[in-house]
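# here is a sequence with its predicted model. Questions after.
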Amino acid sequence: MTKALAIQAKGISKTFHISEDSHNTVKHRLFNLFNPPRSKKVEAIKTMDFEIYKGECIGLLGRNGCGKSTLIRLLAGVYPCDTGSINIYGNTLLMNLGVGMSHQLTARENIYVSASVLGLKIKEIDNIFDQIVDFAELRDFVDTKIKYFSSGMVARLGFSIAVNAGADIMFLDEIFAVGDMRFQEKAIKVFESSWIEGKTVILVSHGMEVVKKYCNRTAFMKNGSLVYFGDTEKAIQMYVDDNH
Amino acid sequence: MIIAILTDWFRRSNKSERLWLLAKIEFKLRYYENKLGLLWALIKPLMDIAIYYVAFQTIMKQNIPAFASYLFIGLIVWNFFLESTTGTVQILNTKKYLYEYSNMNKLEIYVSTLLSNSIGFFFNFLMFLLFYNLLEKNITYSTIHVLWIIPLFINLYILALAVSLILSNIYVIAKDITQVWQVFTSLLFFLSPILYKLEKFQESLPHFDYLNPIAGIIINARKVTMQGTHPDFKLFLFDFTYAIVLLMFGTFLLNKLGSKAAEKL
């Protein structure tokens, strides 16, 4: 493992202000100038610091609503953080049910756009294009707009793009829930092959087996704070205890 | 910051490829979904010209020489500005799929969309040059000064980008900016020297050719294409400064408000 930094987070935190009545028009804002919206504060992420190095596979555990998804969105640069700073070295891919795709575009266009966003050059995309289509099992629908796809087809395409294009830093949020059983087996096989080798991966999963098998270090979160970050076995133990 | 982004684009060639790819797809979505395709890009200004010609030349008798061409060049400049601003107010919403899964720079989304509008602009500009030089009678033909359109267009592009950034980022916190902008643009349209004789415009609204950032671009575009002279440099400098200042404000808003787009929209 090289000790080059992939992500450096210093004193980051995130609070969501959920307003009860939405003041999101000019009219509303003018009329309620002296009557600011009442808002509920939700401290999604409490102040934390940590560093992730290149080539590491990090597990992220915690019960529902403890801030896992918010944390990876912060780390992927999708949400800005309220305090502190995050340095991201490389491009990121956030994957829960595939990658972002436009329903107005065909599968072919989506493959090119998404792979390009993930940092590939057109020539490189040309090379892996067939691989992506075959893996997604969508050969007959390459030039169909994906708004006509079934949700399973969209998910498979997204997964296939993410797997074949990749990114420097990948956040995998419960990715094994995609597609039918046959496709899930395929997804797990990909994971077991050398796909994640040499890449920085942050894995969110409730499957203890996967975390135990692949993660060098694992973080355990509870109510928005980072309780523990280190040895995988210990983190799993803490997570299991928390569930009882 | 802008220079840092630009050098970054050229250093990593993937970004320029990506911008072009996004622009091409945007262009295809806009025109090739319709039966008439690219012709729509031309039909729109031609219809407008016909309407304004009847109103301002036939009925109101303004007596502007080569009025059809006068309108043509004014309208393609105006339409580029209008499409690039009104059409992009909701861009952070419609193009959400591009940035909610990756740390892609949002500025690229704007640049590529405006690039796609630029293709339409230059297509229309070519049609204008053909129309003016082949069909209009008793005119001074276009000269090499036509090339001044390039810096003028860069000015227009930056201005449109800046306004687009400002509007679409305000949209994140105030959705009805769309309606506000619609009213504002029709005001701006009638306060620009598109339909009127230039002397009359300058006489009735003194200093407005300097106050209105798009007026100078239209005046200069006519100078370089229809009068065969260089642009009015003072006006050009004025408009360029407007565009840069607005762009700085736009990027400031993008960092302040646009960064929250993923969670707010």
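Cool, got the structure.
# tell me the buried residues in stretch A:220-237?
Buried residues in stretch A:220-237, counted by 16 or more other Cβ atoms under 10 Å in any protein chain shown: A:220-222, A:224-229, A:232, A:235-236. Yep, even glycine has a C-beta here, placed from its N, CA and C like the rest.
# what's the helix ranked longest in chain B packed up against?
If you go by DSSP state H, chain B has its longest helix at helix B:107-135. On a contact count with 3 or more Cβ pairs under 8 Å, 6 or more residues apart in numbering or on different chains; DSSP states H and E, helix B:107-135 meets helix B:14-31, helix B:39-53, helix B:67-86, helix B:91-94, helix B:149-173, helix B:215-226.
# now render the buried residues of stretch A:220-237 as JSON lines, adding distance to chain B.
JSON lines is the format used below for the buried residues of stretch A:220-237 (distance: Cβ to the nearest Cβ, whole Å):
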{"residue": "A:220", "distance to chain B": "25"}
{"residue": "A:221", "distance to chain B": "19"}
{"residue": "A:222", "distance to chain B": "22"}
{"residue": "A:224", "distance to chain B": "16"}
{"residue": "A:225", "distance to chain B": "20"}
{"residue": "A:226", "distance to chain B": "21"}
{"residue": "A:227", "distance to chain B": "25"}
{"residue": "A:228", "distance to chain B": "27"}
{"residue": "A:229", "distance to chain B": "22"}
{"residue": "A:232", "distance to chain B": "27"}
{"residue": "A:235", "distance to chain B": "26"}
{"residue": "A:236", "distance to chain B": "28"}
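# in contact with the closest residue to residue A:136 other than its chain neighbours, which residues?
Closest residue to residue A:136 apart from its sequence neighbours, by Cβ to Cβ, 6 or more residues apart in numbering or on different chains: residue A:160 at 3.7 Å. Residues near residue A:160 by Cβ atoms under 8 Å, 6 or more residues apart in numbering or on different chains: A:132-133, A:135-136.
# cool, and residue B:223?
Counting by Cβ under 8 Å, 6+ apart, residue B:223 makes contact with B:145, B:229-232.
# which outside residues touch stretch B:127-143?
Under the contact criterion Cβ under 8 Å, 6+ apart, stretch B:127-143 has outside partners B:42, B:65-66, B:68-69, B:72-73, B:76, B:146, B:225-228.
# CA atoms of it as PDB?
Only the C-alpha atoms of stretch B:127-143 are listed here, as PDB (Å, rounded to 0.1, in the frame of the first residue of the first chain):
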ATOM      1  CA  MET B 127     -26.900  32.500 -43.500                       C
ATOM      2  CA  PHE B 128     -27.000  36.200 -42.700                       C
ATOM      3  CA  LEU B 129     -23.700  36.900 -44.600                       C
ATOM      4  CA  LEU B 130     -25.100  35.100 -47.600                       C
ATOM      5  CA  PHE B 131     -28.400  36.900 -47.400                       C
ATOM      6  CA  TYR B 132     -26.900  40.300 -47.000                       C
ATOM      7  CA  ASN B 133     -24.300  40.000 -49.700                       C
ATOM      8  CA  LEU B 134     -26.300  38.200 -52.300                       C
ATOM      9  CA  LEU B 135     -29.900  39.400 -51.900                       C
ATOM     10  CA  GLU B 136     -29.800  42.900 -50.500                       C
ATOM     11  CA  LYS B 137     -29.500  45.700 -53.000                       C
ATOM     12  CA  ASN B 138     -27.600  49.100 -52.800                       C
ATOM     13  CA  ILE B 139     -25.400  48.100 -49.900                       C
ATOM     14  CA  THR B 140     -21.700  48.200 -48.900                       C
ATOM     15  CA  TYR B 141     -20.600  44.600 -49.200                       C
ATOM     16  CA  SER B 142     -19.000  42.900 -46.200                       C
ATOM     17  CA  THR B 143     -15.200  43.300 -46.000                       C
END
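# next one: it to chain centre, how far?
22 Å (Cα atoms, centre = their mean, to the nearest Å).
# and the stretch 101-250 of chain B, which residues reach chain A?
Residues of the stretch 101-250 of chain B lying close to chain A (Cβ under 8 Å from any Cβ of the partner chain) are B:101-104, B:173-177, B:180.
# could I get these in a markdown table, plus columns for neighbour count?
Formatted as a markdown table, those follow (neighbours: other Cβ atoms under 10 Å in any protein chain shown):
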| residue | neighbour count |
| --- | --- |
| B:101 | 28 |
| B:102 | 22 |
| B:103 | 20 |
| B:104 | 22 |
| B:173 | 16 |
| B:174 | 18 |
| B:175 | 18 |
| B:176 | 15 |
| B:177 | 21 |
| B:180 | 16 |
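# can the contacts of stretch B:127-143 go into TSV with extra columns for pLDDT?
Listed next are the contacts of stretch B:127-143 as TSV, based on pLDDT from 0 to 100:
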residue	pLDDT
B:42	78
B:65	86
B:66	88
B:68	90
B:69	91
B:72	92
B:73	93
B:76	93
B:146	92
B:225	93
B:226	91
B:227	90
B:228	88
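# adding neighbour count, write those residues out as JSON lines.
Formatted as JSON lines, the contacts of stretch B:127-143 follow (neighbours: other Cβ under 10 Å):
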{"residue": "B:42", "neighbour count": "16"}
{"residue": "B:65", "neighbour count": "12"}
{"residue": "B:66", "neighbour count": "18"}
{"residue": "B:68", "neighbour count": "17"}
{"residue": "B:69", "neighbour count": "22"}
{"residue": "B:72", "neighbour count": "26"}
{"residue": "B:73", "neighbour count": "24"}
{"residue": "B:76", "neighbour count": "26"}
{"residue": "B:146", "neighbour count": "18"}
{"residue": "B:225", "neighbour count": "23"}
{"residue": "B:226", "neighbour count": "22"}
{"residue": "B:227", "neighbour count": "13"}
{"residue": "B:228", "neighbour count": "15"}
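# show me which of the residues you listed is closest to residue B:115.
residue B:76 (16.5 Å; Cβ to Cβ).
# before we move on, the earlier item: only whichever of the contacts of residue B:223 are buried, select them in PyMOL.
The buried subset of these, as determined by 16+ other Cβ under 10 Å, is captured in PyMOL by this line:
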select buried, chain B and resi 231+232
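# just the ones in helices from the residues of the stretch 101-250 of chain B next to chain A, please.
Mapping these onto helices (DSSP H) picks out B:173, B:177, B:180.
# can I get those in JSON lines with pLDDT?
Shown next, in JSON lines, are these (pLDDT from 0 to 100):
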{"residue": "B:173", "pLDDT": "87"}
{"residue": "B:177", "pLDDT": "91"}
{"residue": "B:180", "pLDDT": "92"}
